Structures are given as C-alpha cells and as structure tokens.
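In: Here is my input, please return the structure:
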Amino acid sequence: MTIRLCIPADFDAMLAVINAAATAYDGVIPPDLHHVPFVSAEELRDEIADGAIRFYERHGFRLLTPAEKVGLRRYWRVSDRQAETSVVLRFSPPPAAGASAPRAG
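Out: Below is the predicted model:
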C-alpha cells in the first residue's frame, strides 16, 4: 500500500473511511457525542478549510475581520451572503527584527 496526498476527487472516499472507522468506537465514545454519520460532508469540508487557514496563518497570513472585508466590496463583486461567509486572508509579515511596532493613536 502506498500513502499519497489526497486530492479533491478523494473526498467521498475519505468521508467513507472516517465514518467506517468511527464505528469501531461505538460504545466507547459517549452516546451524546457518537452519532451516525460521525462526520458529515459539511463538517469534513469545514475541517479541511480550518486546516488550510492554520497553514496560511503559520506562513504570515491572518484572517480579515468582517469590518476589513467591507472595504473589499469596491473590488469584489459577490453577494452579501457570500461576502459574509467567505474566508479572506491577508499577508501580514511580522515586523523586522529590531523594528518597533506602530503605535496606536
């Protein structure tokens, strides 16, 4: 067996493996936390997105606040709902060594 990176076409198989594996914990995981399916497709997509966000945060990006996203509307032609739910990251490198942080004012 070979281990390889997953691709988008693997999503359904990943979901099936996760949920099949979770059946091994039936009776071990407290009943209020164990449900079938253990992970829905939406939950798995959210987890994958969260992992991607953490990856970019480790590489100098940060999530924009809702107020910061409003300023993008002059460039961004999407519905209000899409803008509200979109993940927008901005590159924010740390200050250079020895540089002083900007003062709030």
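
In: Report the contact partners of I29.
Out: A22 (Cβ atoms under 8 Å, 6 or more residues apart in numbering). Yep, even glycine has a C-beta here, placed from its N, CA and C like the rest.

In: ok so it is a strand residue?
Out: No. Per DSSP: H, G, I helix; E, B strand; the rest coil, I29 lies outside any strand segment and is coil.

In: What separation is there between it and V87?
Out: For I29, the distance to V87 (Cβ to Cβ, to the nearest Å) stands at 30 Å.

In: Same question for R73.
Out: Going from R73 to V87 by Cβ to Cβ gives 16 Å.

In: cool, Y25 as well?
Out: 31 Å.

In: Please name every helix or strand in contact with the biggest helix by length in the chain.
Out: Secondary structure assigned by DSSP state H gives helix 41-58 as the longest helix of the chain. The contact analysis (3 or more Cβ pairs under 8 Å, 6 or more residues apart in numbering; DSSP states H and E) places helix 41-58 against helix 11-22, strand 89-91.

In: now the least confident helix or strand in the chain by mean pLDDT, how far from the centre of its chain.
Out: Lowest by mean pLDDT, DSSP states H and E among the helices and strands of the chain is helix 80-85, with a mean of 84. Counting by Cα atoms, centre = their mean, to the nearest Å, helix 80-85 is centred 16 Å from the centre of its parent chain.
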